[in-house]
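> Okay, sequence plus prediction incoming.
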Amino acid sequence: MTNIAVLLSGCGVFDGSEIHESVLTLLSLSKAGADYQCFAPDMEQLHVVNHLTGQVESGAVRNVLVESARIARGEIKDCNSLDVTQFDALILPGGFGAAKNLCNFATNGSECSINPDVAAFISEFVLSKKPVGFICISPVMIPLLYGHGAKGTIGTDKDTAEAFTLMGGEHQNANVHEIVVDEVNKVVSTPAYMLAGSIAEAHSGIEKLVAKVLAMA
């Protein structure tokens, strides 16, 4: 049976993994008959956001791995424990945690870098030439991981697309129902809540991304 790693970045759209995107990814994998294992880095979040008010909670500290365990129902591993030989592919849901915790795109834009533990984790799949799916804002890491000319999409946001290009990627606009496939690098991306106006719209692209990743695996 196909076994897929899913990399989370916390719990909550404003400071961690987008919960709908994460659950839709796991649901699509399960419905397709694939096994999955959730992972997250054992590190402090950039900050903690009150999701009712939208305000940063001054002085609050939360751990990315501990928070991600909420989505995974406790079945989660530190990304440093990866044995890539046990997995056929990787998928990264979005949410601001992908741009704040997994990398620092939210604060540094096109001058961003990926957390070293996260970079090492994803690079295991890159070097093994295994397919990787990037959802929502997580595709901003594609150029840093795959180098010049790597294809991907964050939807249609002009500023983010320009940053993607500045980092050496080849951005392709896509609507919420579409996926962009880089066949050479075995990379699949979809906008999800970069554009989605509903959970049903987010599901449309995510389901297609999961299906393509599984087909490539």
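Received, thanks. The structure displayed is predicted, hence computed values, not measured ones. Numbering: from 1, shown residues only.
> ok, residues contacting the biggest helix by length in the chain?
The helix that spans the most residues within the chain, counting by DSSP state H, is helix 199-216. Under the criterion C-beta atoms under 8 Å, 6 or more residues apart in numbering, residues 2, 4, 20-21, 24-25, 28-29, 32, 34, 89, 91, 131-133, 135, 176-179, 181, 186, 188-193, 195-196 lie in contact with helix 199-216. In this view, the C-beta of every residue, glycine as well, is placed from N, C-alpha and C.
> can you do 7 Å?
2, 20-21, 24-25, 28-29, 32, 34, 89, 91, 131, 133, 135, 176-179, 181, 186, 188, 190-193, 196 (C-beta atoms under 7 Å, 6 or more residues apart in numbering).
> Contact partners for the residue most central in space within the chain?
Relative to the mean C-alpha position of the chain, the nearest C-alpha, by C-alpha atoms, centre = their mean, is the one of L92, at 2.6 Å. For L92, the contact set (C-beta under 7 Å, 6+ apart) comprises 7, 98, 133-135, 138.
> can you pull out the strands in this protein?
In chain order, the chain shows strands spanning 3-7, 35-40, 76-78, 89-92, 132-135, 151-152, 170-171, 180-182, 187-190, with DSSP state E as the criterion.
> and the longest one, average pLDDT?
Averaged over strand 35-40, pLDDT sits at 98.
> Sheet-wise, list the partners of it with their directions.
strand 3-7 (parallel), strand 76-78 (parallel) (DSSP bridges).
> By neighbour count, which bits of the shortest one are buried? Give me those.
If I follow you right, that is strand 76-78. Of all the residues in strand 76-78, those buried under the rule 16 or more other C-beta atoms under 10 Å are 76-77.
> correct me, but I4 touches A34?
Yes. Counting by C-beta atoms under 7 Å, A34 is a contact partner of I4 at 5.4 Å.
> higher neighbour count, those two?
Just comparing I4 and A34: by other C-beta atoms under 10 Å the higher neighbour count belongs to I4, 25 against 19.
> how about the nearest residue to C79, chain neighbours excluded?
F121 (4.1 Å; C-beta to C-beta, 6 or more residues apart in numbering).
> isn't that neighbour right next to V84, touching?
No. Assessed by C-beta under 7 Å, F121 is found out of contact with V84, at 8.8 Å.
> So those two - more neighbours on which side?
F121 (24 against 15).
> and the gap between the residue nearest to C79 and D15?
20 Å (C-beta to C-beta, to the nearest Å).
> ditto for I199
With the distance defined as C-beta to C-beta, I199 ends up 20 Å from D15.
> With L7 instead?
16 Å.
> Tell me the bridge partners for V56.
Per DSSP bridges, the residues bridged to V56 are V49.
> Was I right to think it contacts V49?
Yes. Here V56 reaches V49: they are 5.7 Å apart, a contact under C-beta under 7 Å.
> I'd guessed G133 sits against K186; true?
No. Contact criterion C-beta under 7 Å: G133 and K186 do not qualify, at 9.7 Å.
> Tell me who's in contact with the closest residue to V118 other than its chain neighbours.
Take V118 and drop its neighbours on the chain: the residue closest to it by C-beta to C-beta, 6+ apart is L102, 4.8 Å away. By C-beta under 7 Å, 6+ apart, the residues touching L102 are 9, 114-115, 118.
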